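> Turn this into a structure:
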Amino acid sequence: MELIPSSGGKFEVTVNGETIYSKKETGVFPKAEDIIAQLEGK
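Purely as a prediction, here's the structure:
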């Protein structure tokens, strides 16, 4: 896992170069369980 600082409220989760969540696209900060569910589906 690597945290890459950003600015402007951008929050994205990527796995092997694939974005699985983007706050920029949804406008909503994800719940931890939502991200975990996405990861388990991979």
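> and the lengthiest helix in the chain, what's its mean pLDDT?
The helix spanning the most residues in the chain, taking DSSP state H as the definition, is helix 32-40. Confidence over helix 32-40, taken as the mean pLDDT, stands at 89.
> Spell out the secondary structure type for residue 7.
Remark: residue 7 carries the secondary structure label coil [criterion: DSSP: H, G, I helix; E, B strand; the rest coil].
> Number the residues from 466 up from this point.
Got it, first residue is 466 now, which makes that one residue 472.
> Mind listing what's buried along the longest helix of the chain?
Neighbour counts using 16 or more other CB atoms under 10 Å place no residue of helix 497-505 among the buried ones. Every C-beta, even on glycine, is put in place using the N, C-alpha and C of the backbone.
> on contacts alone, who are the packing partners of it?
Counting contacts by 3 or more CB pairs under 8 Å, 6 or more residues apart in numbering; DSSP states H and E, the secondary-structure elements packed against helix 497-505 are strand 477-480, strand 483-487.
> among those, which is nearest residue 503?
Taking CB to CB as the criterion, residue 503 comes closest to strand 483-487 out of those, the separation being 4.7 Å.
> now for that closest one, which elements pack on it?
Packing contacts for strand 483-487, counted by 3+ CB pairs under 8 Å, 6+ apart, involve strand 477-480, helix 497-505.
> a markdown table for those, including distance to residue 469?
As requested, those are exported to a markdown table (distance: least, CB to CB, whole Å):
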| stretch | distance to residue 469 |
| --- | --- |
| strand 477-480 | 9 |
| helix 497-505 | 16 |
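> wait, which of the ones you listed is closest to residue 490?
The stretch from the helices and strands packed on strand 483-487 with the least distance to residue 490 (CB to CB) is strand 477-480; that distance is 8.7 Å.
> picking that back up, Serialize the helices and strands packed on helix 497-505 to CSV and add fields for distance to residue 497, mean pLDDT and mean neighbour count.
Compiled in CSV, those are given as follows (distance: least, CB to CB, whole Å; pLDDT from 0 to 100; neighbours: other CB atoms under 10 Å):
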stretch, distance to residue 497, mean pLDDT, mean neighbour count
strand 477-480, 11, 88, 13
strand 483-487, 11, 90, 14
